[in-house]
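> coords below, sequence missing:
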């Protein structure tokens, strides 16, 4: 395992430790914060960290731990993507994968990274500013980013599961055309760009079915 992977997993393990120990050290953290806020002259009746919510210390450590885990996951994903693109300092285990598995792994990893890029600020904005999830503007944009990431993630997972059949299926340009239309259509539908993208997805699905029929027919003629 390379150094980058080791660092990423070590960061994730640190985040898990912080979350697990939040019940023990949350009270200590809360008491220290209360002392600090008192020294700074904070009023007793306040909305931010009021003395009547001692569970806030544990919640803060849990939030911190979850973000540390997220940082570790991002380190691993970025190293994985660099390896798939051939930009890493040395080839890793991903160099032994077929193109369909590489494409699926890359799409899943990139989708997860995009989802994290949308979900992390959404969570922090909500926790610190109590924004409504249904508001237009910032939250709506973040939800769109998360949706695009989820689409890429599940497409990548499907390619990983169906790696060998996919390699056989996409030996023809017809099937590549169908896949492109489906990907564009699904992404546009998730983002909310309207009916033309739904139509593109349907046309792409039909094109894929035609390509699959041609593949099965050719396989039947040459068993």
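Cool, got the structure. Being a predicted model, the structure only gives us computed values, none of them experimental.
> C-alpha from now on. contacts and neighbour counts both.
Fine.
> what's the longest helix in the chain?
Taking DSSP state H as the criterion, the chain has its longest helix at helix 99-129.
> measure residue 58 to residue 192 for me?
39 Å (CA to CA, to the nearest Å).
> these two - which one has more neighbours?
A direct count of neighbours by other CA atoms under 10 Å for residue 58 and residue 192 places residue 58 higher, at 23 against 12.
> from the chain's centroid, how far away is the helix or strand hosting that one?
According to DSSP states H and E, residue 58 maps onto helix 56-84. Helix 56-84 has its C-alpha centroid displaced from the chain centroid by 11 Å (CA atoms, centre = their mean, to the nearest Å).
> repeat for stretch 188-203
That offset, for stretch 188-203, works out to 22 Å (CA atoms, centre = their mean).
> buried sites along that stretch?
Of the residues in stretch 188-203, 188, 189, 190, 191, 197, 198, 199, 200, 201, 202, 203 count as buried by neighbour count, 16 or more other CA atoms under 10 Å.
> who's in contact with the helix or strand the second one falls within?
Assessed by DSSP H and E, residue 189 sits inside helix 173-191. Contacting residues not belonging to helix 173-191 are listed as 144, 147-148, 151, 169-170, 194-208, 211-212 [CA atoms under 8 Å, 6 or more residues apart in numbering].
> and what of stretch 147-159?
With CA under 8 Å, 6+ apart, stretch 147-159 has contacts from 100-101, 103-115, 166, 186-187, 190-191.
> ramachandran angles for residue 194?
The phi/psi pair for residue 194 (degrees, to the nearest 10) reads phi 110, psi -180.
> not counting sequence-adjacent ones, nearest residue to it?
residue 188 (7.2 Å; CA to CA, 6 or more residues apart in numbering).
> hang on, the earlier thing: in the longest helix of the chain, what's buried?
100-120, 122-123, 125.
> centre-most residue in the chain?
residue 112 (2.0 Å; CA atoms, centre = their mean).
> so how far is residue 120 from that residue?
Applying CA to CA to residue 112 and residue 120 gives a distance of 12 Å.
> same question for residue 38.
On the measure of CA to CA, residue 38 and residue 120 end up 31 Å apart.
> residue 148 sits in which helix or strand?
helix 138-161.
> what's the angle from that helix to helix 99-129?
In terms of direction (axes from the mean of the first three to the mean of the last three CA atoms, to 10 degrees), helix 138-161 departs from helix 99-129 by 150 degrees.
> could you find the closest non-adjacent residue to residue 207?
Per CA to CA, 6+ apart, closest to residue 207 is residue 178, 4.9 Å.
> so for the helix or strand harbouring residue 6, mean pLDDT?
Here residue 6 sits within helix 3-20, counting by DSSP H and E. The average pLDDT for helix 3-20 rounds to 92.
> can you check stretch 108-120 too?
pLDDT averaged over stretch 108-120 gives 91.
> so what touches it?
In contact with stretch 108-120 (CA under 8 Å, 6+ apart) are residues 67, 70, 74, 77, 80-81, 142-143, 145-157.
> how about 7 Å then?
74, 77, 142-143, 145-146, 149-150, 152-154, 156-157 (CA atoms under 7 Å, 6 or more residues apart in numbering).
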